[in-house]
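1. All I have is the shape, not the residue letters:
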């Protein structure tokens with residue numbers, strides 16, 4: 001009996017290994033390896049390259065500034081994005097690129113063709129059907145905003161194309177794994193890694209879909225909502241996009257020293 005009890009787990013394990021061997025296709029493993037390898041390689045190349053020097057980057061101080069736009073109609077954005085053949089997010093990201101370009105020109109700074117400013121974009125990797133527990137599971141992607149393109153249509157098309165490429169890339173998952181690994185090392189070693197990531201981008205940009213219908217509190221309607229995305233490392237510019245009650249709001253948070261240059 002003792003011998004049978006010892007052999008049973010071995011037989012069960014061998015059976016499971018055989019099943020797994022049958023179910024897993026080598027071609028699928030190769031595709032996954034290539035996809036993650038390409039993402040890791042692309043991320044490595046990004047971390048080697050330097051970010052252009054513009055008034056949006058510089059030595060950060062203690063004083064911060066924050067502002068938000070007047071709300072504008074989400075339905076107008078939706079109509080425009082249908083004509084352009086892109087998503088609402090593509091359209092708004094192109095608007096962000098155009099806004100950064102306009103500000104550079106207003107400051108008398110060059111916005112030469114080919115100028116790209118990277119934005120770090122948080123990506124929610126939780127699946128509601130499979131990740132019901134509380135907590136965050138965010139990866140990051142780096143979107144090169146085509147600030148150097150003067151034509152708004154070309155700028156939108158370029159943003160759309162780059163967003164499509166990111167959607168088919170596992171870059172967010174790779175970065176999440178890297179950040180999880182960084183979280184397990186001593187605190188004094190974490191800061192240089194965070195600063196390295198921050199030095200390879202100009203801004204943090206996030207787009208959050210809020211409630212479609214207006215909210216009420218203590219019998220009063222809440223007309224506007226706004227938030228400001230947190231920044232870390234050497235990032236001095238944060239852009240927050242929020243849709244609420246059929247309106248779009250854009251918030252800007254930056255280092256006070258950067259706004260005066």
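-> Received, thanks. Since the model is a prediction, treat every value here as computed from it, not as a measurement. Residues are numbered from 1 along each chain as shown.

2. use CA for all of it now, contacts and neighbours both
-> Will do.

3. how about the strands in the stretch 151-261 of the chain?
-> In the stretch 151-261 of the chain, the segments counted as strands under DSSP state E, counting those that start in this stretch are 203-209, 216-217, 220-221, 237-244, 247-255.

4. Excluding chain neighbours, what is closest to residue 207?
-> Distances taken as C-alpha to C-alpha, 6 or more residues apart in numbering place residue 241 nearest to residue 207, at 4.5 Å, with adjacent residues excluded.

5. Quick check: pLDDT value at residue 160.
-> pLDDT, residue 160: 94.

6. check contacts around it.
-> Applying C-alpha atoms under 8 Å, 6 or more residues apart in numbering to residue 160 gives the contacts 86-87, 90-91.

7. with those residues in mind, which one is nearest to residue 66?
-> residue 91 (23.2 Å; C-alpha to C-alpha).

8. How many residues are close by that closest one?
-> Neighbourhood size, residue 91 [other C-alpha atoms under 10 Å]: 22.

9. phi, psi of it?
-> phi -60, psi -50 (degrees, to the nearest 10).

10. thinking it is in contact with residue 81, fair?
-> Yes. With contact defined as C-alpha atoms under 8 Å, residue 91 counts as touching residue 81 (6.2 Å).

11. got the residue ranges for the strands in the stretch 1-150 of the chain?
-> Going by DSSP E, counting those that start in this stretch, the stretch 1-150 of the chain shows strands at 64-68, 72-73, 117-124, 138-145.

12. Now render those as CSV, adding mean pLDDT.
-> CSV is the format used below for the strands of the stretch 1-150 of the chain (pLDDT from 0 to 100):
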stretch, mean pLDDT
strand 64-68, 89
strand 72-73, 92
strand 117-124, 85
strand 138-145, 83
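
13. re earlier: from the contacts of residue 160, which land in helices?
-> Members of those lying in helices (criterion: DSSP state H): 90-91.

14. Adding pLDDT and distance to residue 210, write the contacts of residue 160 out as a markdown table.
-> Below are the contacts of residue 160 laid out as a markdown table (pLDDT from 0 to 100; distance: C-alpha to C-alpha, whole Å):
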| residue | pLDDT | distance to residue 210 |
| --- | --- | --- |
| 86 | 93 | 20 |
| 87 | 93 | 17 |
| 90 | 94 | 17 |
| 91 | 95 | 17 |
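
15. Now which of the contacts of residue 160 would you call buried?
-> The neighbour-count test (16 or more other C-alpha atoms under 10 Å) marks 86-87, 90-91 as buried among these.

16. Output the residues you listed in CSV, with distance to residue 149 appended to each entry.
-> CSV is the format used below for these (distance: C-alpha to C-alpha, whole Å):
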residue, distance to residue 149
86, 18
87, 20
90, 15
91, 15
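
17. ok, of the residues you listed, which one's closest to residue 117?
-> Out of these, the member with the shortest distance to residue 117 (by C-alpha to C-alpha) is residue 90, at 15.8 Å.
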